[in-house]
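Colleague: Quick one: sequence plus predicted model below, questions after.
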Amino acid sequence: MRALVLTDYHHLELVEIDRPEPGPGEILLRICATGICGSDFHGFTGDNGRRHPGQIMGHESSGTIAALGADVDPEAFPLNAPATFNPVVVPPEQTREYSGREQHAPGKQVIGVAADVQSSFADYVVVPARNVVLLDPSMPLHLGALIEPLAVALHAVRLGAPDPEEKVLVIGGGPIGQSLVLALRMSGVRRIVLSEMDEARRTLVSELGAHVIDPSSGDVDGLAAQALDGPADLAIDAVGISPTMDDALRATTLGGRVVLVGMGSPRLDLPAFAISTEERSVRGSFTYSAQDFTDAATWIGGNADLASTLVSRSVQPEQAQASFSALAEGSGPAGKILVHFDQEAPSA
């Protein structure tokens, strides 16, 4: 089978390797499409230290069930059924204790991050059956690759716990920021402003139903307050660098909330008094619970037309090197790039 191997930083090679076989309690998925995550192209460059040469990356995927390992119920997981997988794998002995907060399990392993686990920039991938989620068969199969980033966004929104009448600012209009707009809409929030410097991304986000502002045209707090008719109750930072966190804190009301989901920098310099004397709360968000992931899959299954707006480009594996390089150079498209393995890439 074909697989994209990170042979060195800034270099992917499409190679032939043996197809894996599912063991007890495992499922073999034939991959249709895998999205390029920001963590993937930062791993491609070596910037985040979370990907390593020799690794097969990929964790935003959809496909079909190709084979079942021993002890997997064929009625629950029919062959050829459309499916995706939750990359956050919790050891069986920790599943009960960490039910509902699987992302906190100390023994968890994230498919696509763990260097010794072959992941889904490949024709096939083996995953635990308990992590497989069946998809709506009426949904275009490649859109299942959008479920994982939507789950990230949904988890962040749920941590922020916005009331539908509250005002929300999202900072960053990349794929996670775009998914945050959808997750906020899922939660009933109507007053959403998103700050993004890139014009193409602002255009895409406006199609999702959010008001967009350009932070290069003025102070984010003032621009957001003008658009929202007052300061935000909640700000979600999908960039994660000191200036954007500063903007998030200054743009929220006294006693407001900030959720940090972006991972743009390992360290931040924060305006302390904007947290302490003005009583704002700051909460971190990473991955998602199993329920968040399942809910994201259900929502995309019923909203395929809107979700498809997030896909800007679909490429074949032979074009992945060029796509990763473009993203690393900051010249990629406004939305998500999908690498297609199992079917012809649709025009996008």
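Modeller: Noted; the coordinates are in hand.

Colleague: Find the residue closest to residue 318 in space, skipping its chain neighbours.
Modeller: In this structure, residue 318 finds its nearest non-sequential neighbour in residue 14, 6.2 Å apart by CB to CB, 6 or more residues apart in numbering. Glycine gets a C-beta too; all of them are placed from N, C-alpha and C.

Colleague: Three-state assignment for that neighbour, please.
Modeller: With DSSP: H, G, I helix; E, B strand; the rest coil as the basis, residue 14 sits in strand.

Colleague: now do residue 24
Modeller: The three-state assignment at residue 24 reads coil, by three-state DSSP.

Colleague: tally of neighbours for it?
Modeller: 9 (other CB atoms under 10 Å).

Colleague: roughly how far apart are the closest residue to it other than its chain neighbours and residue 124?
Modeller: Nearest in space to residue 24, with sequence neighbours left out and distances taken as CB to CB, 6+ apart, is residue 70 at 4.4 Å. Between residue 70 and residue 124 the computed distance is 18 Å (CB to CB, to the nearest Å).

Colleague: of these two, who's got more company?
Modeller: Per other CB under 10 Å, whichever of residue 70 and residue 124 has more neighbours is residue 124, with 24 against 9.

Colleague: Surely the more buried one is in contact with residue 66?
Modeller: Yes - using CB atoms under 8 Å, residue 124 is in contact with residue 66, at 6.4 Å.

Colleague: what's the overlap in contacts for these two?
Modeller: Taking CB atoms under 8 Å, 6 or more residues apart in numbering as the contact rule, residue 124 and residue 66 both touch 28-30.

Colleague: want to throw these into TSV with pLDDT?
Modeller: Compiled in TSV, these are given as follows (pLDDT from 0 to 100):
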residue	pLDDT
28	98
29	98
30	98
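
Colleague: Neighbour count, distance to residue 107 and secondary structure added to these, as CSV?
Modeller: Output for these, formatted as CSV (neighbours: other CB atoms under 10 Å; distance: CB to CB, whole Å; DSSP: H, G, I helix; E, B strand; the rest coil):
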residue, neighbour count, distance to residue 107, secondary structure
28, 21, 24, strand
29, 26, 23, strand
30, 19, 28, strand
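
Colleague: closest to residue 135 among those residues?
Modeller: Nearest to residue 135 among the shared contacts of residue 124 and residue 66 is residue 29, at 11.2 Å by CB to CB.

Colleague: Is that closest one in contact with residue 123, as I believe?
Modeller: No - using CB under 8 Å as the test, residue 29 is too far from residue 123 to be in contact (9.8 Å).

Colleague: tell me the SS of the residue nearest to residue 24?
Modeller: What three-state DSSP gives for residue 70 is coil.

Colleague: got the contact list for it?
Modeller: With contacts defined as CB under 8 Å, 6+ apart, residue 70 is in contact with 23-25.

Colleague: Looking at these, which is nearest residue 206?
Modeller: Residue 206 has its nearest neighbour among the contacts of residue 70 in residue 25, at 45.2 Å by CB to CB.

Colleague: And residue 38, how close does it get to residue 291?
Modeller: For residue 38, the distance to residue 291 - CB to CB - is 24 Å.

Colleague: With residue 152 instead?
Modeller: 14 Å.

Colleague: likewise residue 137?
Modeller: Distance, residue 137 to residue 291, using CB to CB: 22 Å.

Colleague: the more surrounded of these two?
Modeller: Using other CB under 10 Å, the more surrounded residue of residue 137 and residue 291 is residue 291, with 16 against 9.

Colleague: Test my guess that that one contacts residue 100.
Modeller: Yes - using CB under 8 Å, residue 291 is in contact with residue 100, at 6.6 Å.

Colleague: Helices along the stretch 101-250 of the chain, start to end?
Modeller: Listed in chain order, the helices of the stretch 101-250 of the chain (DSSP state H, counting those that start in this stretch) span 147-160, 175-186, 199-207, 220-228, 242-251.

Colleague: mind checking how far the second one is from the chain centre?
Modeller: Between the mean C-alpha point of helix 175-186 and the mean C-alpha point of its chain there is a distance of 10 Å (CA atoms, centre = their mean, to the nearest Å).
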